[in-house]
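K.L.:
Predicted structure and sequence below. I'll ask about it afterward.
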Amino acid sequence: MKREAHAVILAGGRGTRFWPRSRARTPKQLLNIVGQETMIEQTALRIAPIFPASRLWVVTAAGQAEAVRRQLPKLPRSHLLVEPEGRNTAAAIGLAAEHLRHECGDALMAVLPADHVIAQQGRYRQLVRAALRLADAAGSLVVLGIDPTRPETGYGYIEQGEAIASTAKVETRAYHVRRFTEKPPIAVARRYVASGRYSWNAGMFFWRASTVLEQLSRFLPATARELGSLEETIGTSRYSEKLRRAYRKLESISVDYAILEPASRRGSGANVYVLPASVGWSDIGSWAAVYELQATRRGETISAGPLVSLDSEGNYFWAPGKMVAAIGVRDLVVVETADALLICPRGRAQDVGRVVKELEKQKRRALL
């Protein structure tokens, strides 16, 4: 019998580097950062040929749940999983796996971020289908790795081990994972890219619900016990309080640290695979990354509204509905909202999150 596949979209982040547009209740994934649709709408549309709305799940934060419901109106109500507080990806994925197993049995899971851009969508869907086929075997943990285009220090890397034989189930390159490595210094990143044996870890995972729950029990037993205790209350009036109490006890750790890194070590007994992917991927990690996606030529100035540019180049302006006139300025990011204005050099766009931390220190909650 063919195992049913479901997609779990992780949509609980804050997107602080996209302040002032991104706020606690309207973070990056709920905004139209690139294109007309929001990031989470684009994610759902991209995977719709594989996962209809009935097999879509979203894990999000309480303050964002209503916006998710509005943006994904066909999402089944029981498939919107609201975390009482953030506990990183191991908890979010474990929660989704428990609900999925309760409702659908030992289904396949595709765990996908809500806020990435993928240009080559047809090729991406081919790889997702191949990853699901490989993940159908008990004990298999599959990661979609992004072929690196530059020595990047902001991503984790996956080292490829021995290639697995091409089969009818997997019609693309696939490798055993030798190890996961953390964000490297630039000299190490250059070596990784030059070797041709590394992929970026983009946080896209595939496995059976039973497989990830078994690995969670093995490597994070306290978290597994707390999440497992929810099963008898799912769908009842006792669930919300039980979830709230359980989440207080969960370790805040990523699934990479908690499961994938130890599972990929020699002698672990797990089968961890990576499928390298070249699909025009971007995690759009900053306003500078948005500029790079939208600029079609070197030095172009991008504006969300009408623009007059004199002796200016390389700028990104977001002030919809307003004429922007730029004179003699270069490589700036300017983003205007009703209550805030961001101005920074494009090369400092990664530091926007520091503004949010400063506003938190000042208790400027209206701006958060």
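P.N.:
Right, received. Where do you want to start? Note that the coordinates shown come from a computational prediction; the quantities given were computed from them, not determined experimentally.

K.L.:
And the strands in the stretch 51-200 of the chain, which stretches?
P.N.:
Here the stretch 51-200 of the chain has its strands, by DSSP state E, counting those that start in this stretch, at 56-61, 80-83, 108-113, 117-118, 140-146, 157-163, 175-181, 198-208.

K.L.:
Out of those strands, the one nearest Thr43 is which?
P.N.:
Closest to Thr43 of the strands of the stretch 51-200 of the chain, according to CB to CB: strand 108-113, at 6.4 Å. Using the backbone N, CA and C atoms, a C-beta is placed for each residue, glycine as well.

K.L.:
With mean pLDDT, mean neighbour count and distance to Arg190 as new columns, can the strands of the stretch 51-200 of the chain be given to me in JSON lines?
P.N.:
Formatted as JSON lines, the strands of the stretch 51-200 of the chain follow (pLDDT from 0 to 100; neighbours: other CB atoms under 10 Å; distance: least, CB to CB, whole Å):
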{"stretch": "strand 56-61", "mean pLDDT": "97", "mean neighbour count": "24", "distance to Arg190": "36"}
{"stretch": "strand 80-83", "mean pLDDT": "98", "mean neighbour count": "19", "distance to Arg190": "38"}
{"stretch": "strand 108-113", "mean pLDDT": "98", "mean neighbour count": "23", "distance to Arg190": "26"}
{"stretch": "strand 117-118", "mean pLDDT": "96", "mean neighbour count": "20", "distance to Arg190": "25"}
{"stretch": "strand 140-146", "mean pLDDT": "97", "mean neighbour count": "24", "distance to Arg190": "17"}
{"stretch": "strand 157-163", "mean pLDDT": "95", "mean neighbour count": "18", "distance to Arg190": "12"}
{"stretch": "strand 175-181", "mean pLDDT": "94", "mean neighbour count": "18", "distance to Arg190": "14"}
{"stretch": "strand 198-208", "mean pLDDT": "97", "mean neighbour count": "24", "distance to Arg190": "11"}
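
K.L.:
Let's have the ones you listed in JSON lines, adding distance to Val356.
P.N.:
Formatted as JSON lines, the strands of the stretch 51-200 of the chain follow (distance: least, CB to CB, whole Å):
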{"stretch": "strand 56-61", "distance to Val356": "16"}
{"stretch": "strand 80-83", "distance to Val356": "20"}
{"stretch": "strand 108-113", "distance to Val356": "20"}
{"stretch": "strand 117-118", "distance to Val356": "22"}
{"stretch": "strand 140-146", "distance to Val356": "27"}
{"stretch": "strand 157-163", "distance to Val356": "28"}
{"stretch": "strand 175-181", "distance to Val356": "28"}
{"stretch": "strand 198-208", "distance to Val356": "22"}
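
K.L.:
closest one to Tyr273 among the ones you listed?
P.N.:
Nearest of the strands of the stretch 51-200 of the chain (CB to CB): strand 140-146, 4.9 Å.

K.L.:
what about the strands of the stretch 51-200 of the chain, which gets the closest to Thr223?
P.N.:
That would be, of the strands of the stretch 51-200 of the chain and by CB to CB, strand 80-83, which comes in at 13.0 Å.

K.L.:
Give the other helices and strands that that closest one contacts.
P.N.:
strand 56-61, helix 65-71, helix 88-104 (3 or more CB pairs under 8 Å, 6 or more residues apart in numbering; DSSP states H and E).

K.L.:
The last one: how far from the chain's middle?
P.N.:
Right, the one you point to is helix 88-104. Between the centre of helix 88-104 and the centre of its chain there are 16 Å (CA atoms, centre = their mean, to the nearest Å).

K.L.:
what do you get for stretch 66-73?
P.N.:
18 Å.

K.L.:
tell me the mean pLDDT over it?
P.N.:
Summarised as a single mean, pLDDT over stretch 66-73 is 97.

K.L.:
distance of Val329 from Leu293?
P.N.:
21 Å (CB to CB, to the nearest Å).

K.L.:
my bad, should have said Leu100
P.N.:
Distance from Leu100 to Leu293, by CB to CB: 33 Å.
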